[in-house]
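> coords below, sequence missing:
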């Protein structure tokens, strides 16, 4: 099959490739800049679902791959921290179907809390890693990743960055649709049950796989050489490769598609033909250090370029040894909570009550900015509850009684439930108050569904987790819901009361996201209409 | 790289900056150019500054317009003009929101497409490709409104484009 060219984002290109690769299941958790991959895969007709968090997404994907299905698992860079536990042992196992894990990194932190470089995971967990430079490569390398995954029965990471995810470039889809065999369970206990007796030989097998993949990468890996003069040679990965091509069209350029394990002999030959060799990579000096360790000396970038994205101008500076201070772009208008956003009222109350607020990841993190400045900590998904409890345990009573944990609905499902278990199990002397800001959607990433909305990724009705029932069942002493229709002052009076008690409390502040509300009404009506069409008599009395 | 045309579109979240750059990139793509378009999503719905780069020509490498190399800067919000002016090359053109008077459009929501109309006067992309791109990127019920906005912008540009 050869489709006509399309202008696609990197995320869209990966989804299209997944469809052409015969992926039977896509799993993931929303996170900028990865979210659009599964949404597009769903729109193209693929089967995709949001998991409660990245760890579960990878585990579901692993099960599907054990069952012989090609599987795509997507997440943002920090999501891989959550999924790291299954990842580090999944590499020891032998898969039946291909498993490609997409890690979308965010150098420059366009919408993230850190700029960790997930290339470290490839080495740490011994996972093959592919890094596209544009949407065409995002498409091609996704297909290649499935082939590698199945040939060596190992998960493969496709590492993309914000610029590759969200830039649109032309893609010529060339794949013949992959006709995968029907999933069928074949028992293989020593390669799937990682008790020490089986894991010890499995670790040796893993290292043999990586060595074989390294040899393959040298022989026929997805690297590319652009000819140029011998005066300057550049080795580049990811988006840095296209910046390099533009900044130094006269240079010889080697772009490396598979960055772990490296095609070291290819690099060694390339290096031998260059008078000056420069490595261009965003983030940490991972590649340049690996080359140094392999006895291939190359220039890296100065430390200041570890921070933020690279660009054509920055690459020109690196190549010119220009160490003068970079111009600081004028500051734009920062984002803010929408007019009419339900979080606004909550943060006004928390500010006016001078609460110490352990916050979390989501739109509501904007509560830290004026005019609220009502957030004191924000570290990672779910941390609000644990951090709030830690503060309560050690602070003097007057301060401890002002500590409130604030978490969004999707974030609560992602990794707040274990925090609630901790609160019930190790309650501080002064008790604690957790607030779930339930706006009925994963708002920050573009209004995705989650197990608390009762709708699937495709917005069809499914099982729904009720936070207040869950909290009561777990043994939280006071459970309250404050609706947006509640009369003014309700939330403030309730919080004042709960903060004086030495008990565990959960307050669900419930109001749909103003941006999502029309869509939520649409999905609810569609579900009701379908139900009525299927069973008219049941609703006749309503 | 001097055969590459560099356009930057800027404004605030919710104004349709990304939609405008989608239409521009699509029109250039339909006209047969190599095209790259780049921006950062994420916080953009929350009312903050947004900008999007569109580059087209025979062959485009980086998807980002280097500072000081934009041929045209299109700005949808007056407060965003100064902070983005640095992207323009010397002699580059600025198309600002004041090009379209306050009551000229049926709805200010179509300012993004009106300014694309103004931009079109400076580019060699045939009208048919603009029409097709507008149709492909907007809901059917919005086509007529936006075609009118585009034509208004194009006419306004014929009279005046602010020199940078």
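That came in fine, so what should we check first? Because the structure is a prediction, the values reported are computed rather than measured.
> what kind of secondary structure is the residue nearest to residue A:308 when sequence neighbours are not counted in?
Excluding the flanking residues, the one nearest residue A:308 by Cβ to Cβ, 6 or more residues apart in numbering or on different chains is residue A:108, at 4.5 Å. No exception for glycine: its C-beta is placed from N, CA and C like everyone else's. Classification of residue A:108 using DSSP: H, G, I helix; E, B strand; the rest coil returns coil.
> where's residue A:108 relative to residue A:310, distance?
For residue A:108, the distance to residue A:310 equals 9 Å [Cβ to Cβ, to the nearest Å].
> which residues in the stretch 101-250 of chain A form helices?
A:119-125, A:135-152, A:162-166, A:189-192, A:196-220, A:240-247 (DSSP state H, counting those that start in this stretch).
> Also chain B?
Counting by DSSP state H, chain B has helices at residues B:17-30, B:81-84, B:111-120, B:127-137, B:143-159.
> Would you mind pulling up the elements that the longest one packs against?
Read that as helix B:143-159. Contacts defined by 3 or more Cβ pairs under 8 Å, 6 or more residues apart in numbering or on different chains; DSSP states H and E place helix B:143-159 against helix B:111-120, helix B:127-137.
> is it true that residue A:230 touches residue A:277?
No. Using Cβ atoms under 8 Å, residue A:230 makes no contact with residue A:277, being 10.4 Å away.
> Who has more neighbours out of the two?
Comparing residue A:230 with residue A:277 by neighbour count (other Cβ atoms under 10 Å in any protein chain shown), the higher total belongs to residue A:277, at 22 against 12.
> So between residue A:108 and residue A:310, which is more surrounded?
More neighbours surround residue A:310 than the other of residue A:108 and residue A:310, with 28 against 19 (other Cβ under 10 Å).
> contacting residues for the more buried one?
With contact taken as Cβ atoms under 8 Å, 6 or more residues apart in numbering or on different chains, residue A:310 is in contact with A:107, A:239-240, A:243, A:280, A:282.
> Kindly report the same for residue A:329.
Contacts of residue A:329 (Cβ under 8 Å, 6+ apart): B:67, B:83, B:86.
> Look up the pLDDT of residue 76 for me, please.
Using chain A. pLDDT for residue A:76: 97.
> actually chain B
The model's pLDDT for residue B:76 equals 97.
> Nearest residue to it in space, please, no chain neighbours.
Residue B:76's closest residue in space is residue B:11 (Cβ to Cβ, 6+ apart), at 3.2 Å.
> Around that neighbour, count how many other residues there are.
That count, for residue B:11 with other Cβ under 10 Å as the rule, works out to 26.
> in the sheet, who's paired with it?
Note on residue B:11: beta-bridge partners by DSSP bridges are residue B:50.
> so it touches residue B:21, yeah?
No. Residue B:11 is beyond contact range of residue B:21, at 10.4 Å (criterion: Cβ under 8 Å).
> Spell out which residues of chain B are next to chain A.
Contact residues, chain B versus chain A (Cβ under 8 Å from any Cβ of the partner chain): B:1, B:12-13, B:22, B:25-26, B:29, B:34-49, B:51, B:60-64, B:66-67, B:79-80, B:82-84, B:86.
> With adjacent residues omitted, what lies nearest to residue A:24?
Spatial nearest neighbour of residue A:24, excluding adjacent residues (Cβ to Cβ, 6+ apart): residue A:69 at 4.0 Å.
> Distance of the one you found relative to chain B?
Distance of residue A:69 to chain B, computed by Cβ to the nearest Cβ, to the nearest Å: 30 Å.
> Also within reach of chain B: list those from the contacts of residue A:310.
With Cβ under 8 Å from any Cβ as the criterion, these include A:239, A:243 near chain B.
> and the contacts of residue A:310 as CSV, adding neighbour count?
Listed next are the contacts of residue A:310 as CSV, based on neighbours: other Cβ atoms under 10 Å in any protein chain shown:
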residue, neighbour count
A:107, 25
A:239, 29
A:240, 32
A:243, 29
A:280, 29
A:282, 27
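> Name the nearest of the contacts of residue A:310 relative to residue A:491.
Among the contacts of residue A:310, residue A:107 lies closest to residue A:491 (Cβ to Cβ), at 39.3 Å.
> check contacts around the residue most central in space within chain A.
The centroid of chain A falls nearest to residue A:76 when counting by Cα atoms, centre = their mean (1.7 Å). Residues in contact with residue A:76 (Cβ under 8 Å, 6+ apart) are A:31-34, A:103-106, A:112.
> Just among the residues you listed, which is most surrounded?
When neighbours are counted by other Cβ under 10 Å, residue A:104 leads the contacts of residue A:76 with 31 neighbours.
> helix/strand/coil for the closest residue to it other than its chain neighbours?
Using Cβ to Cβ, 6+ apart and skipping the chain neighbours, the partner closest in space to residue A:104 is residue A:34 (3.6 Å). For residue A:34, the assignment made with three-state DSSP gives coil.
> what's the distance between the most far-flung residue of chain B relative to its centre and residue B:111?
What lies farthest from the middle of chain B is residue B:141; by Cα atoms, centre = their mean that is 21.5 Å. Separation of residue B:141 from residue B:111 (Cβ to Cβ): 18 Å.
> Also residue A:242?
32 Å.
> Same check on residue B:88?
Residue B:88 is 20 Å from residue B:111, by Cβ to Cβ.
> again with residue A:74
35 Å.
> Of the two, which one has the most company?
More neighbours surround residue A:74 than the other of residue A:74 and residue B:111, with 34 against 22 (other Cβ under 10 Å).
> Give the helix, strand or coil label for the more buried one.
Here residue A:74 takes the strand state, with states given by three-state DSSP.
> That one contacts residue A:38, correct?
Yes. Using Cβ under 8 Å, residue A:74 is in contact with residue A:38, at 5.6 Å.
> Now do the shared contacts for the two.
Counting by Cβ under 8 Å, 6+ apart, the residues touching both residue A:74 and residue A:38 are A:26-28.
> any idea which of those residues is closest to chain B?
residue A:28 (16.6 Å; Cβ to the nearest Cβ).
> The residue nearest to that closest one when sequence neighbours are not counted bridge partners, please.
Spatially, and ignoring its direct neighbours in sequence, residue A:28 is nearest to residue A:74 (3.6 Å; Cβ to Cβ, 6+ apart). With DSSP bridges as the criterion, residue A:74 is bridged to residue A:28, residue A:102.
> what sits against residue A:74?
Contacts of residue A:74 (Cβ under 8 Å, 6+ apart): A:26-28, A:34, A:37-38, A:57, A:101-102, A:104.
> top of these by neighbour count?
Ranking these using other Cβ under 10 Å puts residue A:28 first, with 33 neighbours.
> Please list the residues of the stretch 201-350 of chain A that sit near chain B.
Residues of the stretch 201-350 of chain A lying close to chain B by Cβ under 8 Å from any Cβ are A:239, A:242-243, A:245-246, A:249, A:311-313, A:327, A:329-338.
> how about 7 Å then?
A:242-243, A:245-246, A:311-313, A:330, A:332-336, A:338 (Cβ under 7 Å from any Cβ of the partner chain).
> picking that back up, surely the residue nearest to residue A:24 touches residue A:97?
Yes. Contact criterion Cβ atoms under 7 Å: residue A:69 and residue A:97 qualify, at 4.4 Å.
> Kind regards, and thank you for your time.
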